[in-house]
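Visitor: okay, structure incoming, though there's no sequence with it:
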Ligand code: NAP
Ligand code: HSE
């Protein structure tokens, strides 16, 4: 049988890792795929730049369209990134009958519905395992391994850069900017690192995970996103004293009213396995009605971990072309005409518990005012500690953990507390999940 020819767009961290794996493991991969897989062409912006992979025997170009329009190429691996020019490249490749493998979560989360529709019209595969949680085969696990379940909720640490920053800040007391610069140097961060630290990248990934879990169209614009830039070292320390870790989580939960779809820093009990996932590692908890809770863990970013997911997708495409071209797993796990129109809850309808930190004057009656406001909004306090004033300050930090309440009530209570003349500055609020 003739070898399958692959064109790789982009030769940076992920493109480079993909080329390395496909070359190093070529014989093993051919045994798995049923035929040889060869990268014949690749594109990059600067052909003089040193590469992390061996590009011998690969025809290099700065013109990605030349690869997309090459009739000899069967599969396009897209590792350029971004949702602008790349979208047109992918649609052209699909129109040309190419199968697509991509690591681009921004593209899939924002244009996936259109791309999948075009791919179905053309009878080509678009595979995107590498787009979520780097080297963890989480798409395959949910779409295939758990396909007998009703998925109830999932929660994950799905941005390696953010988890690396939080871990280094907690364990080594390092500064945010310093750790972010290291994550960029290691190739973990997005081209625009605000995507990592403001929760946008995790929002893209959660969009994809929830669509696959619940059988709904991709809707990135409905995901509530909050990043890690507001997390301070004192919050990390107070959380620890209360027996919690702060992790940046993506959470999607099916409730009778609709779907909670949210990304934000979250207090998790330190005894939970997911609270102990550190560095660039990712982990995703998925709860199905039949299987119960399952946990998937591994490298969330980096050249070869992400390349591992890309190569697995390439092998899946080759297997499908070789043995069973008609019997394909649907892009979003459910058949395209069976996607459900379940409402997505606005952020103020989320129900969760909270960590609150506020600075108040140290005099009688202040605490009573705060707790009355919480009580007026039906918010019960689970635990409370009052700390010594921070150096050079007179106000005392008060930390509270609340029971589950409606976000709308909490927003109103926080506004009321911030308006108290005895409370200074903003109330720090971090949502809390027991993940039990
Ligand atoms: P990267 O290291 O910056 O690589 C991007 C590559 O694209 C570079 O080789 C660049 O060329 C090339 N490129 C840019 N514009 C191009 C154009 N118009 N035509 C041809 N080539 C072009 O990025 P990356 O980290 O590998 O990320 C790539 C994609 O994978 C993104 O969608 C990202 O979100 C996703 N992803 C990344 C990771 C990770 O750990 N980094 C993990 C999962 C998913 P030059 O090298 O010549 O500049
Ligand atoms: N920038 C992303 C992260 C790459 O840090 O998780 C992996 O998707």
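Guide: That came in fine, so what should we check first? As the structure is a computational prediction, the values presented were derived from the model and not from experiment. Numbers count the residues shown, from 1 in each chain. Ligands and ions are numbered 1, 2, ... in the order given.

Visitor: can you pull out the low-pLDDT segments for this protein?
Guide: Scanning the chain for pLDDT under 70 picks out 324-327.

Visitor: what about the residue of it most remote from its centre, which SS state?
Guide: Using C-alpha atoms, centre = their mean, the residue of the chain lying farthest from its centre is residue 364. It sits 45.4 Å away. Classification of residue 364 using DSSP: H, G, I helix; E, B strand; the rest coil returns coil.

Visitor: tell me the phi and psi of it?
Guide: Residue 364 adopts backbone torsions of phi -60, psi 140, taken as degrees, to the nearest 10.

Visitor: distance of it relative to ligand 1?
Guide: Noted for residue 364: a distance of 54 Å to ligand 1, by C-beta to the nearest ligand atom, to the nearest Å. Where C-beta positions appear, they are placed from N, C-alpha and C, glycine not excepted.

Visitor: in the stretch 201-350 of the chain, which residue sits closest to ligand 1?
Guide: Closest residue of the stretch 201-350 of the chain to ligand 1, C-beta to the nearest ligand atom: residue 301 (3.2 Å).

Visitor: if you drop the residues flanking it in sequence, what lies closest to the residue of the stretch 1-150 of the chain found nearest ligand 1?
Guide: Of all residues in the stretch 1-150 of the chain, residue 12 sits closest to ligand 1, at 2.0 Å by C-beta to the nearest ligand atom. Nearest in space to residue 12, with sequence neighbours left out and distances taken as C-beta to C-beta, 6 or more residues apart in numbering, is residue 79 at 6.8 Å.

Visitor: isn't the one you found up against residue 7?
Guide: No - using C-beta atoms under 8 Å, residue 79 is not in contact with residue 7; the gap is 11.2 Å.

Visitor: show me which residues of the stretch 151-300 of the chain sit near ligand 1.
Guide: Within reach of ligand 1 by C-beta under 6 Å from any ligand atom, the stretch 151-300 of the chain has these residues: 187-188, 190-191.

Visitor: and these, which of them are buried?
Guide: 187-188, 190 (16 or more other C-beta atoms under 10 Å).

Visitor: tell me if I am right that residue 113 is in a strand.
Guide: No - assigned with three-state DSSP, residue 113 falls outside any strand and is helix.

Visitor: now it: how far from residue 332?
Guide: To residue 332, residue 113 is 9 Å away according to C-beta to C-beta, to the nearest Å.

Visitor: again, but for residue 155
Guide: From residue 155 across to residue 332, the span is 20 Å (C-beta to C-beta).

Visitor: same check, this time on residue 375
Guide: 44 Å.

Visitor: between these two, who's got more neighbours?
Guide: Neighbour count, other C-beta atoms under 10 Å: between residue 375 and residue 332, residue 332 has more, with 24 against 12.

Visitor: just give the nearest non-adjacent residue to that one, would you?
Guide: Leaving aside its chain neighbours, residue 332 sits nearest to residue 211 (5.0 Å; criterion: C-beta to C-beta, 6+ apart).

Visitor: near ligand 2, which residues of this protein?
Guide: Taking C-beta under 6 Å from any ligand atom as the contact definition, the chain meets ligand 2 at 134, 159-161, 188-190, 196, 201, 300-301.

Visitor: sec struct for the residue of the stretch 201-350 of the chain closest to ligand 1, please.
Guide: Residue 301 ends up coil, using three-state DSSP.

Visitor: so what's it up against?
Guide: 134, 160-161, 187-188, 280, 282 (C-beta atoms under 8 Å, 6 or more residues apart in numbering).

Visitor: domains of the protein?
Guide: 4-133+303-332, 138-299, 348-432 (automatic domain parsing).

Visitor: closest one to residue 338 among the ones you listed?
Guide: Smallest distance to residue 338 across the domains of the chain (C-beta to C-beta): 6.7 Å, for domain 138-299.

Visitor: ends of the closest one, what's the gap?
Guide: 12 Å (C-alpha to C-alpha, to the nearest Å).

Visitor: try stretch 20-31
Guide: 18 Å.

Visitor: again with stretch 91-106
Guide: With C-alpha to C-alpha as the measure, the first residue of stretch 91-106 is 15 Å from its last.

Visitor: that one vs ligand 1: in contact?
Guide: Yes - judged by C-beta under 6 Å from any ligand atom, stretch 91-106 comes into contact with ligand 1 through 103-105.

Visitor: starting at the chain centroid, how far to that stretch?
Guide: How far stretch 91-106 lies from its chain's middle: 21 Å, per C-alpha atoms, centre = their mean, to the nearest Å.

Visitor: that stretch: which residues count as buried?
Guide: By 16+ other C-beta under 10 Å, the buried positions in stretch 91-106 come out as 91, 93-94, 98-106.

Visitor: one more: stretch 62-73?
Guide: Those would be 64, 67-68, 70, 73, for stretch 62-73 by 16+ other C-beta under 10 Å.

Visitor: what's it in contact with?
Guide: 5-7, 9, 40-47, 61, 76, 80, 89, 92-93, 96, 98.

Visitor: picking up where we left off before, okay, the buried residues of stretch 91-106 in TSV with secondary structure next?
Guide: Below are these laid out as TSV (three-state DSSP):
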residue	secondary structure
91	helix
93	helix
94	helix
98	coil
99	strand
100	strand
101	strand
102	strand
103	coil
104	coil
105	helix
106	helix
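
Visitor: of the residues you listed, just say which sits nearest to ligand 2.
Guide: Within the buried residues of stretch 91-106, the smallest distance to ligand 2 is 6.4 Å, found for residue 105 (C-beta to the nearest ligand atom).

Visitor: quick check: that closest one touching residue 208?
Guide: Yes - in this structure, residue 105 is within contact of residue 208 by C-beta under 8 Å, at 6.3 Å.

Visitor: so for the two, which residues contact both of them?
Guide: Common neighbours of residue 105 and residue 208 (C-beta under 8 Å, 6+ apart) are 128, 131-132.

Visitor: distance of residue 396 from residue 366?
Guide: With distances taken as C-beta to C-beta, residue 396 is found 9 Å from residue 366.

Visitor: identify the contacts common to these two.
Guide: Residues touching both residue 396 and residue 366 by C-beta under 8 Å, 6+ apart: residue 360.
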